[in-house]
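K.L.:
Pasting the sequence and the predicted coordinates here, then a few questions.
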Amino acid sequence: MPSSNPFGVLDFLAWNHDWNGHHYPLNKVREAAHLMKEAGVGSVRMDFLWSDIEPELGRFDFSKYDALVDCFSVESLQVLGVLHYNPSWRPVLWSTAPIVEDYLRYGRAVVRHFKPFVHDWEIWNEPDHATYWQPQDNLLAYSHLLKSVYPALKEEDSTCRILMGGLTGDLSTNLEHLYKQAGGASFDIVNIHPFVSPLNQNPLGDLRRFIDDTRRIMRKHADGEKPVWITEIGCPGIPDSSSSRVWWLGKCPTEVEQAEWVKTIYTEIIEWKGIEKIFWAFFRDTSDHFKDGVDCFGLVRPDFSPKPAFKAYQAVTQAFFRR
């Protein structure tokens, strides 16, 4: 059953490969799941990587993800699964628009297999961002994928909820493209990634404009009652304010400033109309993977020691459920 807990986190829990330095062997996933529960997390956003699940055309292996899902079931954490990127047997970039028929076979198999445990599925990640979807075409190819996937996955699990891939660029324009090209009947939840630097002069006002623009487009298409999930929002938290480390929005906040932003997000934004869940990105720092301040997005450090942001997250979840 869907959870009323609005507190989520994103983490790269499927990263146990050479290219990510084996960031999450299974014992570390168990440790993360336990700490997430301790923090008050209700939902975990994680990849169900196509290359892992269909390592050869037509051959599926769910064993890795069975073990991951079990870690979260033990802690009573719900899972939001992201269905993406291209399999290694397709001779294109991982971010190239998929072949719809191949994607449907993979998506159907995953939803069918995990139907007892996972009921929320996100179709790709940030299809409006050139890093994650090529070529960029104003979401035309992605809209075709979304329209095809929605009824197919509902056939496998009529109770599942389908999220559009989180939009992160020009939110109002790109959401308009999706409504016109895919239609509101192709997704159950509007999904956005509205990153704002807490070091801005008025970060809450900046974020409010993103949300207002999103809801304006929804109302325009008579879809204003549909829930909105923020499946990525966050910022770095670095220990030293004199550091020259940056992220894509400029100077990195300190760990204390990061914690204040966590508190603001989960006490202010969680109360805004239509916002159903908010997923902090990330749960755990990523050491030296991104080579910039993005490596410090975590609520905990690579060794799982809590940052001030973890304590802030925990405090707001406890206060929320005491109301």
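P.N.:
That came through, no problem.
K.L.:
C-alpha only now, for contacts and for neighbours.
P.N.:
Will do.
K.L.:
residues contacting Asp157?
P.N.:
Val111, Arg112, Lys115, His119 (C-alpha atoms under 8 Å, 6 or more residues apart in numbering).
K.L.:
make that Ile162, sorry
P.N.:
Applying C-alpha under 8 Å, 6+ apart, the residues contacting Ile162 are Asp120, Trp121, Glu122, Ile123, Tyr150, Ser186, Phe187, Asp188, Ile189.
K.L.:
Which positions in the host helix or strand of it come out as buried?
P.N.:
Ile162 is located in strand 161-164, with elements delineated by DSSP states H and E. Using 16 or more other C-alpha atoms under 10 Å as the test for burial, strand 161-164 gives Arg161, Ile162, Leu163, Met164.
K.L.:
could the residues you listed go into CSV alongside pLDDT and distance to Arg30?
P.N.:
Below are those laid out as CSV (pLDDT from 0 to 100; distance: C-alpha to C-alpha, whole Å):
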residue, pLDDT, distance to Arg30
Arg161, 98, 26
Ile162, 98, 27
Leu163, 98, 26
Met164, 98, 29
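K.L.:
Which one of these is nearest to Leu249?
P.N.:
The closest of those to Leu249 turns out to be Met164 (C-alpha to C-alpha; 24.4 Å).
K.L.:
That closest one contacts Val190, doesn't it?
P.N.:
Yes: judged on C-alpha atoms under 8 Å, Met164 makes contact with Val190 at a distance of 6.4 Å.
K.L.:
any idea which residue sits dead centre in this structure?
P.N.:
Thr231 (4.0 Å; C-alpha atoms, centre = their mean).
K.L.:
Spell out the residue ranges of the helices in the stretch 151-300 of the chain.
P.N.:
Ranges of helices in the stretch 151-300 of the chain, per DSSP state H, counting those that start in this stretch, are 171-181, 203-220, 255-267.
K.L.:
Return the most buried member of these.
P.N.:
helix 255-267 (a mean of 21; mean count of other C-alpha atoms under 10 Å).
K.L.:
And that one, what does it pack against?
P.N.:
Other elements packing on helix 255-267 under the criterion 3 or more C-alpha pairs under 8 Å, 6 or more residues apart in numbering; DSSP states H and E are helix 308-322.
K.L.:
the inter-axis angle of the helix it packs on versus helix 255-267?
P.N.:
Angle of helix 308-322 versus helix 255-267, following axes from the mean of the first three to the mean of the last three C-alpha atoms, to 10 degrees, is 20 degrees.
K.L.:
one step back: state the pair within the contacts of Ile162 that is farthest apart.
P.N.:
Farthest apart among the contacts of Ile162 by C-alpha to C-alpha are Asp120 and Ser186. That separation is 14.1 Å.
K.L.:
now the strand or helix carrying Met36: mean pLDDT?
P.N.:
Element membership for Met36 (DSSP H and E) is helix 26-39. For helix 26-39, the mean per-residue pLDDT is 98.
K.L.:
can you give me the strands in this structure?
P.N.:
Ranges of strands in the chain, per DSSP state E, are 7-10, 43-49, 78-84, 120-123, 161-164, 190-192, 228-233, 246-247, 250-251, 275-281.
K.L.:
re earlier: extract the CA atoms of the strand holding Ile162 and return them as PDB.
P.N.:
Below are the C-alpha coordinates for strand 161-164, written out as PDB (Å, rounded to 0.1, in the frame of the first residue of the first chain):
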ATOM      1  CA  ARG A 161       2.000   4.200 -10.000                       C
ATOM      2  CA  ILE A 162       4.000   5.600 -13.000                       C
ATOM      3  CA  LEU A 163       6.100   8.800 -12.600                       C
ATOM      4  CA  MET A 164       7.500  10.700 -15.600                       C
END
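K.L.:
Share the number of residues neighbouring the residue nearest to Pro236 when sequence neighbours are not counted, please.
P.N.:
Leaving aside its sequence neighbours, Pro236 sits nearest to Phe297 (C-alpha to C-alpha, 6 or more residues apart in numbering; 4.1 Å). Using other C-alpha atoms under 10 Å, Phe297 has 27 other residues around it.
K.L.:
how much space between Phe297 and Pro306?
P.N.:
12 Å (C-alpha to C-alpha, to the nearest Å).
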